[in-house]
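> only geometry, no sequence info:
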């Protein structure tokens with residue numbers, strides 16, 4: 001995800017290039033950005049799907065976890081999916097192992113929340 005998140009923006013710097021205050025925690029930064037920038041939220045969702053389809057499910061689950069926390073929250077996701085919140089937390093952990101049905105349901109809930117459509121395109125590999 002290079003370029004999606006700027007950890008220290010120029011406005012945080014004094015003219016002497018010293019930080020006014022330390023950068024916020026990564027989770028707080030992502031949460032704040034998702035709250036104010038719909039296109040950023042959609043880009044994170046796109047990245048999670050791309051990572052999953054390209055063989056990096058662990059990173060995909062972690063991005064989905066942050067996206068859920070920043071948008072609907074796990075309690076609302078539990079209601080929407082008819083799954084216990086604790087189970088959803090486990091599914092979207094680094095070592096989680098959601099079924100395809102559960103993952104598809106999570107993708108669908110987020111897709112609706114973000115008001116986006118998922119399109120997949122296969123391209124030739126560079127390798």
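Yes, it's here. Everything numeric here is computed off the predicted structure, so don't read it as measured data.
> Any buried residues in the worst-scoring helix or strand of the chain on mean pLDDT, and which?
Taking mean pLDDT, DSSP states H and E as the measure, the helices and strands of the chain show their lowest mean at helix 26-36, namely a mean of 87. For helix 26-36, burial by neighbour count (16 or more other CB atoms under 10 Å) applies to 30-31, 33-34. C-betas here are computed from N, CA, C, even on glycine.
> which stretches of the protein aren't confidently modelled?
1-24 (pLDDT under 70).
> how about 50 then?
Counting by pLDDT under 50, the chain has low-confidence residues at 1-17, 19-22.
> quick one: secondary structure of the closest residue to residue 52 other than its chain neighbours?
Nearest residue to residue 52 in three dimensions, chain neighbours excluded: residue 60, at 3.9 Å (CB to CB, 6 or more residues apart in numbering). When the structure is split into helix, strand and coil by DSSP: H, G, I helix; E, B strand; the rest coil, residue 60 lands in helix.
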